[in-house]
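Participant: can't give you the sequence, but here's the structure:
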């Protein structure tokens, strides 16, 4: 599948809301819930307007992963940018109907190609111990394992920990 990544714009908020709503149950199997309030459209809209302002200030970048038909099939974000350290933190999620097609891997490659344009030399990532697919994607794209947290948390009846990675240009 051919994909592109495109920075989030105001006109995308409604489609992004539908994407998040459709995939909520799937995403919450792998990442902690964003809470019920997040899924009320007005709240979602306000939160994303704040994100758009962060993007204008170059504090974070929010990309939509789109297929050749312009459908949102995922998102990939570079957040909490520290300009002094040239450091950002990455997160991504792919539509449950489109997993296993290399989308996250391709999107991460596309985003990493943008790093010099964004002034980022290091990226940190975290995933959960049960999200082996995400760990493999990070490693395939040059992220190095840093460690696993000591602290456990319960999610969906499983005791999990966070696993940390770092990429350096």
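Facilitator: Received, thanks. Computed from a predicted structure; not experimentally measured.
Participant: Checking my notes, residue 22 in a strand, right?
Facilitator: No: assignment of residue 22 by DSSP: H, G, I helix; E, B strand; the rest coil gives helix, placing it outside any strand.
Participant: Hmm, residue 93 and it touching each other?
Facilitator: No: between residue 22 and residue 93 there is no contact, the gap being 11.8 Å when judged by CB atoms under 8 Å. C-beta: built from backbone N, CA, C; applies to glycine.
Participant: Give me the more crowded residue out of those two.
Facilitator: Between residue 22 and residue 93, residue 93 has the larger neighbour count (other CB atoms under 10 Å), namely 20 against 14.
Participant: In what element of secondary structure is the more buried one found?
Facilitator: Using DSSP states H and E, residue 93 falls within strand 87-94.
Participant: Pairing partners for the helix or strand bottoming out on mean pLDDT in the chain, with directions?
Facilitator: Among the secondary structure pieces of the chain, namely its helices and strands, strand 153-155 has the lowest mean (mean pLDDT, DSSP states H and E), a mean of 83. Partner strands for strand 153-155, per DSSP bridges, with pairing direction: strand 158-160 (antiparallel).
Participant: Buried residues, the partner strand. List them.
Facilitator: Within strand 158-160, the residues that qualify as buried are residue 160, counting by 16 or more other CB atoms under 10 Å.
Participant: Beyond it, next helix or strand please.
Facilitator: Moving on from strand 158-160 towards the C-terminus, the next helix or strand you reach (DSSP H and E) is strand 162-168.
Participant: contact partners of that following strand?
Facilitator: Counting by CB atoms under 8 Å, 6 or more residues apart in numbering, the neighbours of strand 162-168 from elsewhere in the structure are 112, 121-129, 131, 135, 138-139, 141-149, 151.
Participant: Figure out how far that strand is from the centre of its chain.
Facilitator: Between the centre of strand 162-168 and the centre of its chain there are 14 Å (CA atoms, centre = their mean, to the nearest Å).
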